[in-house]
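K.L.:
Need coordinates for the following:
(one chain, ligands or ions: 1)
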Amino acid sequence: MLSYQHIYHAGNLADVHKHGLLAWMLEYLTRKDKPLTYIETHGGRAIYDLTDAAARKTGEAAQGIEKTRHWFGTEHPFTLVLRQVAASDGADSYPGSPLIAASLLRPTDSIHLAELHPQEHAALTLAMSPYPAKIHLRDGFDMAHGLTPPTPRRGMMLIDPSYEIKDDYLTIPRHIAKFTRAWNVGIIALWYPILTNKAHLPMLDAMMADHPQAMRHEVRFPPARPGHGMVGSGMFVINPPYGLDVEAGKLSQKFNTL
Ligand code: SAM
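P.N.:
Modelled structure (predicted):
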């Protein structure tokens, strides 16, 4: 039974980290004319109303995107998407990663999104209806195993689990090892929380042993509430695009000002 709903956390500091880097990578990939594939294992609902009671209840967006949008320059691809979504859906709307991808990618690119929660899947399907994306109501890892290696072969995968199942920390390195064997040219980006109980660390150790050339980028921030266990956000990127380290360094400097 899935209980996680991203509306409580949409636009928080972890989203700012993840979505800023995601938008940069997607824009980088589209600099070449060649079509590409975008695979996302855990899609969420793609558009979030930050005035929703759930979003207000945690106040995470108020500490996140509402305080940090100026970090990204006017021409940054994340800013372009934020501006586009504000124009189409209102100033209090926040784009999830599927919408960031669909906004930055081109009609020739292939988009595959999985979402297992029926209500989130229905909302995702509605939000993505203007775009030629394939939406799968199934386990995201199963979907991604079925698609790799994808056609077109260029492209990226975002893995953004809710880590509700504690086994995720054990099974994710195995899934990723299989993805990279099947798709050695794909950019594979895994988001993970930085937790005070350090539950993420064995997973990271396994990932770094398997993929020593990958980029690991982490930012720290104050917990959303006193005693809350998440104190930072991490992105582990296999086959990172050229320049991602520089972009990540700029973001680190911004997070250091919090
Ligand atoms: N990637 C989204 C974004 O950045 O906008 C947020 C995704 S949220 C962290 C995780 C989502 O994964 C939730 O909507 C949850 O319902 C869904 N989910 C949980 N387990 C899943 C699974 N095994 N396969 C696909 N989706 C799953």
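K.L.:
Name the SS class of the nearest residue to residue 48 once chain neighbours are set aside, please.
P.N.:
Sequence neighbours aside, residue 10 is the residue nearest to residue 48 in space, at 3.6 Å (criterion: CB to CB, 6 or more residues apart in numbering). Quick note: C-beta positions are derived from backbone N, CA and C, even for glycine. Counting by DSSP: H, G, I helix; E, B strand; the rest coil, the backbone at residue 10 sits in coil.
K.L.:
Let me know how buried residue 10 is, in neighbour terms.
P.N.:
As a burial measure, residue 10 scores 27 neighbours (other CB atoms under 10 Å).
K.L.:
and what of residue 254?
P.N.:
Summarising burial for residue 254: neighbours were counted as other CB under 10 Å, giving 16.
K.L.:
Next: residue 256.
P.N.:
Residue 256: 9 neighbours (other CB under 10 Å).
K.L.:
picking up where we left off before, local confidence estimate at the residue nearest to residue 48?
P.N.:
On pLDDT, residue 10 comes in at 96.
K.L.:
so who does it touch?
P.N.:
Residue 10 makes contact with 44, 48, 50, 55, 60-61, 94, 96, according to CB atoms under 8 Å, 6 or more residues apart in numbering.
K.L.:
Return the residues of the stretch 1-150 of the chain in contact with the ligand.
P.N.:
With CB under 6 Å from any ligand atom as the criterion, the stretch 1-150 of the chain meets the ligand at residues 2, 4, 6, 18, 41-44, 96-97, 114-117, 120, 139-140.
K.L.:
rerun that using 5 Å as the cut-off
P.N.:
Residues of the stretch 1-150 of the chain lying close to the ligand (CB under 5 Å from any ligand atom) are 2, 6, 42, 44, 96-97, 114-117, 120, 139-140.
K.L.:
Those: which two are farthest apart?
P.N.:
Distances among these were taken as CB to CB; the most separated pair is 96 and 139, at 18.7 Å.
K.L.:
more crowded one of the two?
P.N.:
Just comparing residue 96 and residue 139: by other CB under 10 Å the higher neighbour count belongs to residue 96, 27 against 13.
K.L.:
just checking, the more buried one touches residue 50?
P.N.:
No - at 12.0 Å, residue 96 does not count as touching residue 50 under the criterion of CB atoms under 8 Å.
K.L.:
rewinding a little: any chance of the contacts of residue 10 in TSV, plus distance to residue 69, pLDDT and secondary structure?
P.N.:
Formatted as TSV, the contacts of residue 10 follow (distance: CB to CB, whole Å; pLDDT from 0 to 100; DSSP: H, G, I helix; E, B strand; the rest coil):
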residue	distance to residue 69	pLDDT	secondary structure
44	20	98	coil
48	15	97	strand
50	12	96	coil
55	16	90	helix
60	15	94	helix
61	11	95	helix
94	10	98	strand
96	16	98	coil
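K.L.:
picking that back up, so how do I select the buried members of the residues of the stretch 1-150 of the chain next to the ligand in PyMOL?
P.N.:
Selection of buried members from these for PyMOL, criterion 16 or more other CB atoms under 10 Å:
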select buried, resi 6+42+44+96+97+114+115+116+117+120+140
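K.L.:
Among the residues of the stretch 1-150 of the chain next to the ligand, which ones are in helices?
P.N.:
Residues of these located in helices (DSSP state H): 97, 120, 140.
K.L.:
what sits against the last one?
P.N.:
By that I understand residue 140. Shown in contact with residue 140 (CB under 8 Å, 6+ apart): 40-43, 114-116, 159, 161.
K.L.:
between those, which is closest to residue 30?
P.N.:
Nearest to residue 30, judged by CB to CB, of the contacts of residue 140 is residue 40 at 16.3 Å.
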